[in-house]
Structures are given as C-alpha cells and as structure tokens.
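Visitor: for reference, the sequence and a predicted model appear below.
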Amino acid sequence: MFLRVRDSYSQRYQAHAQAQLDLINEMLLLRGLPTYAEPRQKPTVYFDLRRPEKPMDTYSGFGRSLLDHDGRGAIHRLQQLAAHVFAGGGAVRPKIDRRKAPERDPVLQQVFASGEHHLVSHAASEGFWIPVEFDRVLVEERLDGRFLGSSHRLRDDLIAIAPALGIPLADGGVLGDATAWRICDGDAFQDRPGSDAADERTTWLLLHEAARMSLQHGAAIALAG
C-alpha cells in the first residue's frame, strides 16, 4: 500500500508512473471531473506507535495500522463482507459461506458490477483511489489494475461497514486511537466463537488509514501487489 502513484513504482519505472498519472487525469477530464495533482513531497505515512499502557514499547505503523500491506485474499474477503452488508442494508454482521471462493459469491458479483461502492467495485491487488469525489468507480483497460476509485467514497464505505465488524466509531465516523489499538491487538470485541472478524478488522484498519491519510495529504492510494 502506497500514498502517491509514483511511490508505487521503482525508479526504473517512473516514466510509466507519469504515464499512469496522465491517464488518470485523462479519465477524469473525459467525465468533467477535477484532475488529480500528485503532491511534490512524499507524505509521511509511517509513525512510531506506543500503547497507552506500555509507552516505552514502540512499533512502526502505517498511520495507526501495524500493517502496511495485506494479501489479495484478505482484501477480497473484506470486499465480500462489505458486499453482503450493502446488499442487506443492515448493520448486523451477515452470515457468509466461507467455503466458497469470494469470486463465486453472487452477492459480491452483483455489488461489484454496480460500480457504486468504491471498496467493493475495485481490484483486490492493484489499482488506485484518488482524493477526488465522484460517484462510480471508473474503469480503464490501460490503467494498471483497471479500476480508479475515490478516496472519499472508500472512506465512506469503510465507515458504513464498521458496525458489521463491531468497530465502535465516534460521532462523524471518527476512529479513536484506543479502538485502533484494539484492532491491532486482535481484540475479539463481541465476536461469535470461531469468527474471523479480527482478521477482517486489521484489513479494514489498513484501508481506513490509507483513506484517511490520502484525504489528509491529497495523495492517491496505490494498491500494488
């Protein structure tokens, strides 16, 4: 996970990174949307994290997440959960048959095809979210990963599924530092026995921090993997 398109490519491929930035703005201009200006300076995204009860112990965090990347499968499972939440219209954690691969889930396929939810209608291993507001995920075959989402809509989708994951948010959908630590520590919250919600919450936190810092710094999220 990177902030800024350029930072997701090695020095050898910076010309290609610029071509991707030009393509992103071409996509936006064709739809009458504001263009994206990549920040000149690399944003600070790694911080020293300290547990309140153990202030001498220091951890490196991507924002407030101890992860700075996650596997395609983990992101895909969170997308599947989100698709069921959006399709059901409720805050209760849906029951999902995890014996089936997410890509065979008809609910996920339907929500993905709608293009309305920028968490779900996006590749799980490549692509970008940018700090520009637009309604539907944009698709372009020439774009690495094909999908271009809005960081604003990604943040909104993550806030919307937080109740289904048992994540308490303050007014305005604000995630508190103490709750972020509970997620990092694998706190069970109020999970049913055998639930895999703890893993989904760590993926949720990674994407949440990426979206938060993307909007804070005006920088794209680049999902590379």
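Guide: Structure received. Numbering: from 1, shown residues only.

Visitor: OK, contacts around residue 219?
Guide: Going by C-beta atoms under 8 Å, 6 or more residues apart in numbering, residue 219 touches 3-4, 38-39, 43, 131, 213. C-betas here are computed from N, CA, C, even on glycine.

Visitor: buried residues in the helix or strand residue 204 falls within?
Guide: Secondary structure assignment for residue 204, by DSSP states H and E: helix 197-217. Neighbour-count burial for helix 197-217 flags 197-198, 200-215, 217 (criterion: 16 or more other C-beta atoms under 10 Å).

Visitor: please apply the same query to stretch 14-21.
Guide: Taking 16+ other C-beta under 10 Å as the criterion, stretch 14-21 shows 17, 20-21 as buried.

Visitor: which residue ranges of this structure form helices?
Guide: 14-30, 72-88, 106-114, 151-161, 177-184, 197-217 (DSSP state H).

Visitor: pLDDT weak spots in the protein?
Guide: Low-confidence regions of the chain, defined here as pLDDT under 70, cover residues 51-57, 89, 190-195, 225.

Visitor: I figured residue 142 hits residue 24, correct?
Guide: No - counting by C-beta atoms under 8 Å, residue 142 stays clear of residue 24, with 10.4 Å between them.

Visitor: okay, these two: which has more neighbours?
Guide: residue 24 (22 against 10; other C-beta atoms under 10 Å).

Visitor: find the nearest non-adjacent residue to that one, please.
Guide: Nearest residue to residue 24, sequence neighbours excluded (C-beta to C-beta, 6 or more residues apart in numbering): residue 36, at 5.8 Å.

Visitor: show me the contacts for residue 27.
Guide: Counted by C-beta under 8 Å, 6+ apart, residue 27 has contacts 138, 140, 143, 148.

Visitor: now, which of these lie within strands?
Guide: Secondary structure defined by DSSP state E assigns 138, 148 of these to strands.

Visitor: emit the PyMOL select command for whichever of the contacts of residue 27 are buried.
Guide: Typed into PyMOL, the line below selects the buried ones among the contacts of residue 27, using 16+ other C-beta under 10 Å:
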select buried, resi 138+143+148
